[in-house]
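In: The following comprises the amino acid sequence and a computationally predicted model.
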Amino acid sequence: MNTVERNIHSYLKKSVGVAKGVQALADIEVDLATTPRELVMQVGKTKLYHFTNDNLKVKTPILISYALVNTWKMMDLQDDRSLIKKLLSEGLDVYLIETGHPSRADRFKTIDDYVNGDINDCVDFVREETGHDAINLLGVCQGGTLGMIYSALYPQKIKNIVLLVTPVDFFVEDGLLFKWSRDMDIDKLVDNFDGVVPGKFLDSGFVLLKPMGPVRKQMGLPSLMEQPHTFQNFLRMEKWVNDTPDQAGELYRQFIKDLYQNNKLINGEMKVGDKVVDLKNIKCPVMNIYAREDHIVPPSATKPINDAIGSEDSTLYEFPGGHIGVFVGARSQKELGPSIVSWLAERDA
């Protein structure tokens with residue numbers, strides 16, 4: 001077989017693989033977030049879930065505040081790659097806020113509405129339901145930033161805080177999203193989108209951080225389709241990636257202006273409602289987890305948290321991976337989940 005024949009044979013083989021894969025796509029159904037949970041409260045689109053757990057080892061419940069720019073289902077992607085399931089198996093009592101997908105009816109929702117409204121309502125429900133005056137908080141990425149704001153305004157309601165890849169210093173030089181956002185005409189953007197910023201717009205920004213990523217993904221698809229289990233994992237990730245919620249315009253406007261463009265939170269200048277947010281009010285124990293290879297929230301944006309807060313018990317934890325690996329990587333299952341629960345258990349008196 002000469003070179004031309006080999007190339008044709010290779011092409012035909014890949015074509016057959018792609019054809020089989022297309023058929024497989026039609027036949028395969030994948031589900032995300034399958035860990036049992038109960039809807040215990042709902043206000044508008046915001047829902048509060050409680051995960052089933054008969055193996056509690058840490059008495060104080062924990063509330064998860066996830067980023068608004070994605071869905072929380074990354075934390076429960078599949079049975080063997082679920083940080084939530086790991087936290088449950090290690091003995092946590094887990095509650096989670098789901099913010100839903102904003103519509104034009106939500107375009108005037110602000111950070112004030114979310115922090116002093118949604119988060120506070122959920123915290124108070126968990127406190128009353130469990131009989132704890134103060135509960136634990138797990139904040140993820142943007143949800144961690146909003147969780148810190150909440151904790152600074154309501155320090156008496158939060159016992160311990162765990163932060164995952166959470167930015168606090170937005171004037172860093174090694175994160176492209178941080179640089180791009182400084183020059184964004186956010187007023188024109190929000191107004192031109194009629195008050196609701198499409199999730200697809202946000203997706204395009206994340207893709208541009210690593211523009212060759214989709215190309216590599218497509219090139220590897222034919223061989224991936226020949227591995228059913230791995231292919232299902234791929235489909236779950238794709239399902240999550242393609243479910244980016246739209247953003248309430250006024251909340252997004254303030255987040256970009258106050259944080260990315262003016263760095264008000266770490267400088268003690270951010271106002272939410274009628275109060276200025278002072279991070280020094282956070283005096284409870286804080287576990288600050290950053291990902292060493294994070295290209296979305298670089299370590300330089302996260303590490304300053306420990307100096308910005310008022311806590312005398314703050315832990316800085318380096319995770320040797322990227323932004324997504326924190327949730328779905330094998331090391332997350334083996335090391336990170338147990339480390340979080342162990343840290344909380346030591347402070348559960």
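Out: Thanks, I have the structure now. Numbering: from 1, shown residues only.
In: rest of the way, CA atoms for contacts and neighbours
Out: Noted.
In: Does Met237 belong to a helix, a strand or coil?
Out: helix (DSSP: H, G, I helix; E, B strand; the rest coil).
In: so who does it touch?
Out: By Cα atoms under 8 Å, 6 or more residues apart in numbering, the contact list for Met237 reads 74, 77.
In: ditto for Lys45
Out: Taking Cα under 8 Å, 6+ apart as the criterion, Lys45 is in contact with 99-102.
In: confidence score at it?
Out: Looking at Lys45, its pLDDT stands at 95.
In: before we move on, what about Ser15?
Out: Confidence at Ser15, expressed as pLDDT, is 46.
In: Phe178 now?
Out: 92.
In: Would you check that it makes contact with Tyr260?
Out: Yes - between Phe178 and Tyr260 a contact is recorded at 6.2 Å, counting by Cα atoms under 8 Å.
In: Find the residues that touch each one of those two.
Out: Common neighbours of Phe178 and Tyr260, counting by Cα under 8 Å, 6+ apart, are 170-171.
In: which SS state does Glu38 fall under?
Out: strand.
In: Report how many residues lie close to it.
Out: Glu38 has 11 neighbouring residues, counting by other Cα atoms under 10 Å.
In: secondary structure element for Phe125?
Out: helix 120-130 (DSSP states H and E).
In: how about that helix: buried residues?
Out: Using 16 or more other Cα atoms under 10 Å as the burial criterion, the residues of helix 120-130 that qualify are 120-124, 126-127.
In: and which of those residues is nearest Val341?
Out: Proximity of those to Val341 (Cα to Cα) peaks at Val126, which lies at 18.7 Å.
In: Next one: that closest one from Ala134, what distance?
Out: The gap separating Val126 from Ala134 is 9 Å, by Cα to Cα, to the nearest Å.
In: And Val30, by the same measure?
Out: Distance from Val30 to Ala134, by Cα to Cα: 38 Å.
In: In terms of packing, which of those two has more residues around it?
Out: Ala134 (21 against 12).
In: residues contacting that one?
Out: Ala134 touches 127, 156-159, counting by Cα under 8 Å, 6+ apart.
In: Leaving out the residues flanking it, which one is nearest to it?
Out: Lys157 (4.2 Å; Cα to Cα, 6 or more residues apart in numbering).
In: can I assume that neighbour is in contact with Gly131?
Out: No - if you go by Cα under 8 Å, Lys157 and Gly131 don't touch, sitting 12.0 Å apart.
In: And these two? Which one has more around it.
Out: Just comparing Lys157 and Gly131: by other Cα under 10 Å the higher neighbour count belongs to Lys157, 19 against 12.
In: just to revisit the earlier point, columns distance to Pro211 and secondary structure on top of the contacts of Ala134, output as a markdown table?
Out: Below are the contacts of Ala134 laid out as a markdown table (distance: Cα to Cα, whole Å; DSSP: H, G, I helix; E, B strand; the rest coil):
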| residue | distance to Pro211 | secondary structure |
| --- | --- | --- |
| Arg127 | 45 | helix |
| Gln156 | 44 | helix |
| Lys157 | 43 | helix |
| Ile158 | 40 | strand |
| Lys159 | 41 | strand |
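In: quick one: terminal-to-terminal distance for stretch 185-196?
Out: So stretch 185-196: terminal residues 15 Å apart, Cα to Cα.
In: Check which residues of it are buried.
Out: For stretch 185-196, by 16+ other Cα under 10 Å, it's 186, 190, 195-196.
In: Next: stretch 256-273.
Out: 256-266, 270-272.
In: Alpha carbons of it, as CSV, please.
Out: Provided in CSV are the C-alpha atoms of stretch 256-273 (Å, rounded to 0.1, in the frame of the first residue of the first chain):
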residue,chain,number,x,y,z
ILE,A,256,-18.0,44.2,35.8
LYS,A,257,-17.9,47.9,36.9
ASP,A,258,-17.3,47.5,40.6
LEU,A,259,-14.9,44.5,40.5
TYR,A,260,-13.2,44.0,37.1
GLN,A,261,-13.0,47.7,36.3
ASN,A,262,-12.6,49.4,39.7
ASN,A,263,-11.5,46.6,42.0
LYS,A,264,-13.7,48.0,44.7
LEU,A,265,-14.2,44.8,46.9
ILE,A,266,-10.5,44.3,47.9
ASN,A,267,-10.1,48.1,48.3
GLY,A,268,-13.1,48.3,50.7
GLU,A,269,-15.1,50.6,48.4
MET,A,270,-17.9,48.3,47.2
LYS,A,271,-21.4,49.2,48.2
VAL,A,272,-24.2,46.6,48.3
GLY,A,273,-27.6,47.9,49.2
